[in-house]
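Asker: have a look at this fold, sequence not included:
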Ligand SMILES: Nc1ncnc2c1ncn2[C@@H]1O[C@H](COP(=O)(O)OP(=O)(O)OP(=O)(O)O)[C@@H](O)[C@H]1O
Ligand SMILES: [Mg+2]
């Protein structure tokens, strides 16, 4: 995360400059407001930034503080003490969460790095196909992704039952349950953090460095230990931190595989049991850990000495020549393709199954297109779709307006506290969805200034607000990435030719940022449509979004209908992926932002 | 008539310590003049230009256009036409749309605007290129579009920040002739920034030489070349020897100094030289003004050749005259037998020497 923009020259003069000696002897104070304050004023950065600061404070920071307040409000420090002492639920939930996260880092690291090396260093039949679909499992929305793995690998899943039938055993073979199930989901959905970081590092690495080591007489193991690993270290550390944070925030996997003793599950359980102070305590602890990781990540990226630059130096691929190895590779590739596509295929298959017909068979027995007719025609079933689209659209509009302006302020304006603004946006990104939901509950279950005195909990508005907070960083990231590519002198040229700040911003800067902004907006929108984690804590029966409806249908064994909703989300995601790939240099911005999708 | 005035303008950047990027600069630029800010990298040229354009506000001092105080006026209200170092052409607009941008803001009628755009493109030899995309142009063509875009609005002042630095050597020379011609034809005042002294000399009516945020000298190219005010200016404009020599007598506009070897010569000095008998004067003399002779010549300073470099048209020598820096000499005719280590005689022409401030 770049943060600083050392070379940018403020389009408007810096507000921190010493004011010129004026005929008027009154020295202008730092925030003195003169009449006719406009975009040309030297205080302009503050005028633009002030509402942005208010928004970030009001909807990100202040709710977090409210949660802290809630956690100590009624019971004092007692709730917190339960994390430190005894063998209560709190302590074991924290330990389980940390342990799952550590194990996820390990598993994702092994899978991701191995995949990167295989695909970037070797040439074998099927390589291109795998590269094309390698990110598919991770692209699924959190709930439907976890459901697909449950349908595939759990005790009632397709694979264990198929093996059971194949071998004629009494019980399903190799079923994943509990923590093991959670780890399967995490591995499949989070290894891309390692895969992407490692393959970027590998592509950016000059092959001659490695060759030099061989030339100097180092053996393969030695080259690995002394050259490759050190060069990959920054990528691996960043990926580890990301996977750890994402695992810690993971909620759907423990929910579906019934692992109650995790931080996120305890938040949910305490909240539904009405113990908001305890839920707040869990949320606060999780927030503290996430913030620590965020700060650690910023610190590490700031100090690391070199960046892997993908200059496109073609690192050579080793061709597999041994015919046996080639066949083996082909078989393995095919298996990989099946494994990678199985989750989506499962959802697609189940979406056409008749509700209630799938009991003990390997795959559903009865098929129908009725599920799709239902979700589009039955007003009750149609409602969640409408809700999701509406709430995501609202949130996306907010994300675009605020995200673009914050990106502009952070990249282009010079003002005191610029770094803080950047951190505040990243805070929204680092907080787990469950924590965002609890924060909003704590802050807005009574009216406060930022809700204009209204109680938002139980209303429609809390939902788009939660989506806004969660997905603002996506738009910010992609806007900021495009802005970094834009020469500030373009806007200056427009100003010089007579354009007011607004006109220069609109006709030049914003216009040129558009592909990146659009990519970010689409990303925010699909993430909104797939949102589950925060929604499930704050929805009402009128505002239930698609994912909550999917969850409810799963509980009432309407698996087919649930999967049909899921397909809707999946199709939307793939459409968006194709569109943003087509956007002129929006793809780059989208990739930049996707890296931060938790 | 004075077009642009800078009155004790200073600029300090926050977080850049106490040193001023631009320090107490006074400039008066006449209407229609081609005025150049010349100086080494980091001396504050761009900062000065950007204050005139309105992208920075001065920390102190005033800027006037004519009689109007524009110190705090925003850039879009200043009516300057700026050519950026990297051209800053709008990539999403065609060539013609780029040039028309300023006209559109000035609400120039469609037909009128089209005529003026065509005219401006013709002026920079790009007639017929209007529909091209920016990325379909060469660097030199982009440079000319930038110039047309700045000129078409008929700005009161043209501001150019190293507009030629991204061009290759040959194109640079052609383009500087073009810029000068167009500026003369249009009668626009031009404020030009460069670190290339040859470019400055060739183009400018007057030059301000800057060093560490301060203006060291303002004058015509001839004045600056022949009468550099300081040792820095003498060395920065062309090449120069600056000799530290004892003062024998000090008059109002002439100072007699003792050259190495003891010969006493009168040297022209600026009125405010402030030198006294027994003090030390800095005297500049250009390498090409020194004549080379035999060590035995009368009135010559004798020295030993330490370096010799044949460049074709001339030969550059470094001559150690005992004490102080070696003297640079550029000679057209050098006897072929002269080699490193030889003793030679140098004749310094008193009428070509000039006392400079340290
Ligand atoms: N935005 C800024 N913030 C802080 N310091 C700055 C800023 N812009 C310029 N400076 C400093 O002011 C001084 C003058 O910079 P300026 O860009 O005017 O130099 P220049 O003469 O144009 O040099 P060059 O020939 O390299 O372009 C430099 O020391 C530079 O580091
Ligand atoms: Mg400069």
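Answerer: Sure, I can see it. Predicted, not measured: the structure shown is a model, and the values here were computed from it. Ligands and ions are numbered 1, 2, ... in the order given.
Asker: show me which residues of chain B sit near ligand 1.
Answerer: B:13, B:16, B:21, B:39, B:41-47, B:195 (CB under 6 Å from any ligand atom). All C-beta atoms are positioned from the backbone trio N, CA, C, and that covers glycine.
Asker: residue B:87 against residue B:146, yeah?
Answerer: Yes - with contact defined as CB atoms under 8 Å, residue B:87 reaches residue B:146; the gap is 4.2 Å.
Asker: for residue 329, give me the pLDDT.
Answerer: Assuming you mean chain A. Looking at residue A:329, its pLDDT reads 82.
Asker: hmm, I had chain B in mind actually
Answerer: So, for residue B:329, pLDDT stands at 92.
Asker: check residue A:305 too.
Answerer: Looking at residue A:305, the pLDDT reads 46.
Asker: returning to what we had before: find residues that contact each of residue B:87 and residue B:146.
Answerer: residue B:163 (CB atoms under 8 Å, 6 or more residues apart in numbering or on different chains).
Asker: for the residue nearest to residue B:346 when sequence neighbours are not counted, what are its contacts?
Answerer: Of all residues not flanking residue B:346 in the chain, residue B:301 sits nearest, at 4.7 Å (CB to CB, 6 or more residues apart in numbering or on different chains). When contacts are counted by CB under 8 Å, 6+ apart, residue B:301 touches B:259-261, B:263, B:321, B:327, B:345-348.
Asker: over to residue B:102?
Answerer: Counted by CB under 8 Å, 6+ apart, residue B:102 has contacts A:497-498, B:81, B:149, B:152-153.
Asker: what's the answer for residue A:454, then?
Answerer: A:447, A:461.
Asker: likewise for the one 10 residues further on?
Answerer: Each residue near residue A:464 by CB under 8 Å, 6+ apart is listed here: A:391-392, A:394-395, A:398.
Asker: same thing with residue B:266?
Answerer: By CB under 8 Å, 6+ apart, the neighbours of residue B:266 are B:254-256, B:350.
Asker: you'd agree residue B:187 is up against residue B:32?
Answerer: Yes - under the criterion of CB under 8 Å, residue B:187 makes contact with residue B:32 at 5.1 Å.
Asker: higher neighbour count, those two?
Answerer: residue B:32 (15 against 8; other CB atoms under 10 Å in any protein chain shown).
Asker: the more buried one touches residue B:206, doesn't it?
Answerer: No - in this structure residue B:32 lies outside contact range of residue B:206 using CB under 8 Å: 11.8 Å.
Asker: longest helix in chain B, by number of residues?
Answerer: helix B:169-186 (DSSP state H).
Asker: give me the helices and strands touching that helix, please.
Answerer: strand B:34-38, helix B:139-151, helix B:197-203 (3 or more CB pairs under 8 Å, 6 or more residues apart in numbering or on different chains; DSSP states H and E).
Asker: which outside residues touch the shortest one?
Answerer: In this case it means strand B:34-38. B:27, B:29, B:45, B:48-49, B:180, B:183-184, B:189-195, B:197, B:200, B:203-210, B:236-237.
Asker: what about 6 Å?
Answerer: Strand B:34-38 is contacted by residues B:29, B:45, B:48, B:183, B:190-193, B:200, B:204-210 when judged by CB atoms under 6 Å, 6 or more residues apart in numbering or on different chains.
Asker: what do you get for the last one?
Answerer: Defining contact as CB under 6 Å, 6+ apart, one finds that helix B:197-203 is touched by B:36, B:38, B:176, B:180, B:194, B:207, B:221, B:237.
Asker: recalculate using a threshold of 7 Å.
Answerer: Residues from elsewhere that reach helix B:197-203 (CB atoms under 7 Å, 6 or more residues apart in numbering or on different chains): B:34, B:36, B:38, B:164, B:176, B:180, B:192, B:194, B:207, B:221, B:236-238.
Asker: which two from those end up farthest apart in space?
Answerer: B:180 and B:236 (21.8 Å; CB to CB).
Asker: higher neighbour count, the two?
Answerer: More crowded of residue B:180 and residue B:236, by other CB under 10 Å: residue B:236, with 23 against 17.
Asker: report pLDDT for the more buried one.
Answerer: pLDDT, residue B:236: 91.
Asker: report the separation between the nearest residue in space to residue B:313 that is not next to it in sequence and ligand 1.
Answerer: Among residues not flanking residue B:313 along the chain, residue B:332 sits closest, at 7.3 Å (CB to CB, 6+ apart). Computed with CB to the nearest ligand atom, to the nearest Å, the distance linking residue B:332 and ligand 1 is 33 Å.
Asker: so residue B:332 makes contact with residue B:312?
Answerer: No - when contacts are counted by CB atoms under 7 Å, residue B:332 is not listed as touching residue B:312 (10.8 Å).
Asker: I'd like the distance between residue B:311 and residue B:81.
Answerer: Going from residue B:311 to residue B:81 by CB to CB, to the nearest Å gives 40 Å.
Asker: quick check, nearest of the contacts of residue A:464 to ligand 1?
Answerer: Nearest to ligand 1 among the contacts of residue A:464: residue A:398, at 32.6 Å, using CB to the nearest ligand atom.
Asker: from the contacts of strand B:34-38, which land in strands?
Answerer: B:29, B:190-193, B:206-210 (DSSP state E).
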